[in-house]
Structures are given as C-alpha cells and as structure tokens.
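Colleague: I'd like to go over a predicted model; first the sequence, then the structure.
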Amino acid sequence: MKNELTVVENLDFWQSFLANPDAAGLPVEDAAEAVGLSGITHLPFGYLSAGQQRRIAFAKLLVAHRPVWILDEPTAALDASADRLLAQLIAAHQAKGGIVLAATHQPLGLENARELKMTGFAGVDHGVWG
C-alpha cells in the first residue's frame, strides 16, 4: 500500500492488478465496508492508524479473490473487535473453499485450525545448520 494514495486508490490498484476473471472480488467500497472503514476511503493511506491500515489490508484480500491467503502476524496492531472481524473474514473465506496460512503468536479464534508450533530447530547441536 502506498501512503500517498488514498485508500480507494490503493484498493482500486490492487483490484486491477490482481484481477481474476474466474472469480471476482468485492467492489472496493463493499470491501471497505466489510472491514468497518467505509467512511474513510477518501483519506490517504498514510493518514490511517496502524489498526486501520491493517483493516484496509484485509480489504485488499477481499477486492481480488485469491483461494489461498498467506498472512504474517495478521493480528498485529488490532484491537479485540478487529481480531473478531479477522476471524469472521477468515471463516467466510474458508466457507467458500478458501485456505489460510497464518504465522502468528496468538490464537486467531478459528474452528478446525491446525497448528504447527515452532519451538526450536532440531539439529542445531549436531552441525546440521552449518
């Protein structure tokens, strides 16, 4: 996302750039509404708080359909209500057959999630890593 562009300009760009003729995403204003920020799409992205920027990043996922979402610390800078919103967006994506791979330090509040806990690196003491 470019700080100088408005929210709608950023989302319009990503919708166009990631266009998928086989599966359309949501219109930009609908995606902004889905993340609870429809009233601020005229503002430059750089004016938004960290939590608002994160929510707009979720809207980016909605404007151009992708079957697999890869998320890195998706709950960073989010309050409790935004955490719940993210869980709802992920659940809706999964209900449509989507897959989510997320690296996170905290639970995402999802049902039927599978975890891979990284607790250390096997082989460090045996010269495996050089």
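Modeller: Cool, got the structure.

Colleague: can you get me a residue count around residue 108?
Modeller: 16 (other C-beta atoms under 10 Å). (Each C-beta comes from the backbone N, C-alpha and C, glycine too.)

Colleague: what's the first helix or strand after the helix ranked longest in the chain?
Modeller: With secondary structure taken from DSSP state H, the chain has its longest helix at helix 80-95. Following helix 80-95 in sequence order, the next helix or strand is strand 99-103 (DSSP states H and E).

Colleague: could you check how far the nearest residue to residue 101 once chain neighbours are set aside is from residue 36?
Modeller: Distance criterion C-beta to C-beta, 6 or more residues apart in numbering; nearest residue to residue 101, sequence neighbours excluded, is residue 70 at 5.0 Å. According to C-beta to C-beta, to the nearest Å, residue 70 stands 23 Å off from residue 36.

Colleague: ok, these two, which is more surrounded?
Modeller: Set side by side, residue 70 and residue 36 show more neighbours around residue 36, with 15 against 11, by other C-beta under 10 Å.

Colleague: touching, the more buried one and residue 55? I think so.
Modeller: Yes: taking contacts as C-beta atoms under 8 Å, residue 36 lies within contact range of residue 55: 6.6 Å.

Colleague: give me the common contacts of the two.
Modeller: 82, 85 (C-beta atoms under 8 Å, 6 or more residues apart in numbering).

Colleague: ok, back up a step: hang on, the residue nearest to residue 101 in a helix?
Modeller: No: per DSSP: H, G, I helix; E, B strand; the rest coil, residue 70 lies outside any helix segment and is strand.

Colleague: so what pLDDT did it get?
Modeller: Confidence at residue 70, expressed as pLDDT, is 96.

Colleague: related to what we said a few turns ago, gap between the longest helix of the chain and the chain center?
Modeller: 10 Å (C-alpha atoms, centre = their mean, to the nearest Å).
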